[in-house]
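Participant: Fold the following.
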Amino acid sequence: MWQRLTLNQPIVEEQVDFIKKGETPLSEVARELGAPDEILNLKNRLVARYHFIDTRYLRVDFGWGLRFVIPYYSPDLVLGGGGAATNVFEVACDSQFVVQEISFAFHQNSSRFKLWPYGD
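Facilitator: This is a model prediction of the structure:
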């Protein structure tokens, strides 16, 4: 059984093409993308962060098919795993709230399924 859950709408590069560094005000970013999830004040810079969480889980029961061969006993031979990751889109502004930098931080490796528990 494969399950995937994403909290908040993921932001993709095509959605932020309207942002021009040194020109676009933070108010326009908020109008297009919604209110940021977090705002940090860092030494004459304001950083707005948009979070979206991606969770993946896979569970396989290899004993399921044995119930047809051994009707009174069905052993659980389950292999499962997964993970969760918080991905972030950041907007850094100057003291006038004009966008100076944008960046994505994807943590997809921590939310991908690993078939074997001892490494990749």
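Participant: per-residue confidence for Ala48?
Facilitator: Ala48 is assigned a predicted lDDT (pLDDT) of 94.
Participant: repeat for Phe89
Facilitator: At Phe89, pLDDT is 91.
Participant: So that it lines up with my notes, have the first residue be 786 from now on.
Facilitator: Right, with 786 as the first residue, what we last looked at is Phe874.
Participant: Verify the contact between it and Arg834 for me.
Facilitator: Yes - Phe874 is in contact with Arg834 according to CB atoms under 8 Å; the separation is 7.2 Å. The way it works is simple: take the backbone N, C-alpha and C, and place the C-beta from them, glycine included.
Participant: more crowded one of the two?
Facilitator: Between Phe874 and Arg834, counting by other CB atoms under 10 Å, Phe874 is the more crowded of the two (24 against 16).
Participant: tell me the contacts of the more buried one?
Facilitator: 796, 801, 818, 834-835, 837, 887-890 (CB atoms under 8 Å, 6 or more residues apart in numbering).
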